[in-house]
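Participant: No sequence on hand, only this structure:
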């Protein structure tokens, strides 16, 4: 009598993607983020925590700044230190009590602009000469920073498509193949002596899979870089139109680094899962194991189209439709953010079943029979 046995799946664990994620982050840093941070640092702008605007006390309890300054001198110094900015009749930035009091003394009134705290100077009130000079100096420096960043972004956008691949993932593919191969060997261990299991994929097929993985990751890096460069240019232009506040450039770059970290994680997980799925599927096909049972993660995050595939049998060479809207086909783990698994199906006879049972107990590998797990 012939019987179907379902093997345990080979899973692309999150830890598999971490080395790839680190390489992607390093590439994005070299391409985009580190040069931007260098431009800001060269202009005296740090992407770390902003320095305190005013330190009120020393250890002895006395104020650091004991020299009495006029309101104009206080405001001019704040402008030169780029703690505040002046544009379109309003001061914006980081106001401490001392600067706020000085602005009021100059006739400015507190208000809000674009959702931010600001001080507005009436048209009838002229800026003191020192304040006007400091404001002009600050604006010129900020305009230059905006221009340098914009030129850099144009250069990156125009050159990224023709640039060589940012990363070489040979070491990562070796690590992935070894990790996935360990799971594969454990899953098929009970079949040894009953079913012929090749030691690995053919070198040409392995080279093709490695090349696909490397190309897909690098295309993801380049595509993301172009996408974010375009978005950054728009943000830089809007910031210039709003008054050239260079401290907001720091905030923009810091936010973009966060976006890059999330995208690096997504690309790494997606391409790692795809690589493991294709490599494992090829090994099963080479062993003559062509069918599998689709298994979802059985939680709320499973998308509807994948839930409809749960527990159904498909062929590795003819994957099902995983997205009805687009008609996209994929095996488990190959669709975007797919956490589903393929449970390979092996057909055996009574004699092979006895051999399999002995091999199973000797190797202690988990094997599923019609969805039930025994160990």
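Facilitator: Yes, it's here. Treat the numbers as computed from the prediction; the structure is a model and nothing was measured.
Participant: Helices of this protein, residue ranges please.
Facilitator: 14-28, 34-42, 71-80, 97-105, 129-159, 170-188, 203-241, 246-286, 304-307, 350-363 (DSSP state H).
Participant: Turn these into JSON lines, columns for mean neighbour count and distance to residue 340.
Facilitator: Every C-beta, even on glycine, is put in place using the N, C-alpha and C of the backbone. Output for the helices of the chain, formatted as JSON lines (neighbours: other CB atoms under 10 Å; distance: least, CB to CB, whole Å):
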{"stretch": "helix 14-28", "mean neighbour count": "19", "distance to residue 340": "15"}
{"stretch": "helix 34-42", "mean neighbour count": "16", "distance to residue 340": "38"}
{"stretch": "helix 71-80", "mean neighbour count": "21", "distance to residue 340": "58"}
{"stretch": "helix 97-105", "mean neighbour count": "17", "distance to residue 340": "58"}
{"stretch": "helix 129-159", "mean neighbour count": "16", "distance to residue 340": "37"}
{"stretch": "helix 170-188", "mean neighbour count": "18", "distance to residue 340": "16"}
{"stretch": "helix 203-241", "mean neighbour count": "17", "distance to residue 340": "20"}
{"stretch": "helix 246-286", "mean neighbour count": "20", "distance to residue 340": "10"}
{"stretch": "helix 304-307", "mean neighbour count": "14", "distance to residue 340": "6"}
{"stretch": "helix 350-363", "mean neighbour count": "15", "distance to residue 340": "25"}
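Participant: What separation do you get for residue 139 and residue 90?
Facilitator: Between residue 139 and residue 90 the distance is 13 Å, computed by CB to CB, to the nearest Å.
Participant: which residues of the stretch 1-150 of the chain score low on pLDDT?
Facilitator: Residue ranges of the stretch 1-150 of the chain with pLDDT under 70: 1, 46-68, 113-115.
Participant: let's see 90
Facilitator: Within the stretch 1-150 of the chain, the stretches with pLDDT under 90 are 1-5, 41-69, 80-94, 111-118, 121-127, 138-139, 141-142.
Participant: for the stretch 151-300 of the chain, same thing?
Facilitator: Looking at the stretch 151-300 of the chain by pLDDT under 90, you get 159-172, 189-201, 241-248, 250, 298.
Participant: and with 80 instead?
Facilitator: Scanning the stretch 151-300 of the chain with the threshold set as pLDDT under 80 gives 161, 192-195.
Participant: Out of the helices of the chain, the one nearest residue 296 is which?
Facilitator: helix 304-307 (5.6 Å; CB to CB).
Participant: For the closest one, what is the distance to the chain centroid?
Facilitator: Using CA atoms, centre = their mean, to the nearest Å, the mean C-alpha position of helix 304-307 is found 26 Å from that of the whole chain.
Participant: Stretch 264-276 too?
Facilitator: 11 Å.
Participant: Could you list the residues in contact with it?
Facilitator: 10-12, 14, 16-18, 20-21, 24-25, 28, 173, 176, 180, 209, 212-213, 216-217, 220-221, 224, 333-334, 336-338 (CB atoms under 8 Å, 6 or more residues apart in numbering).
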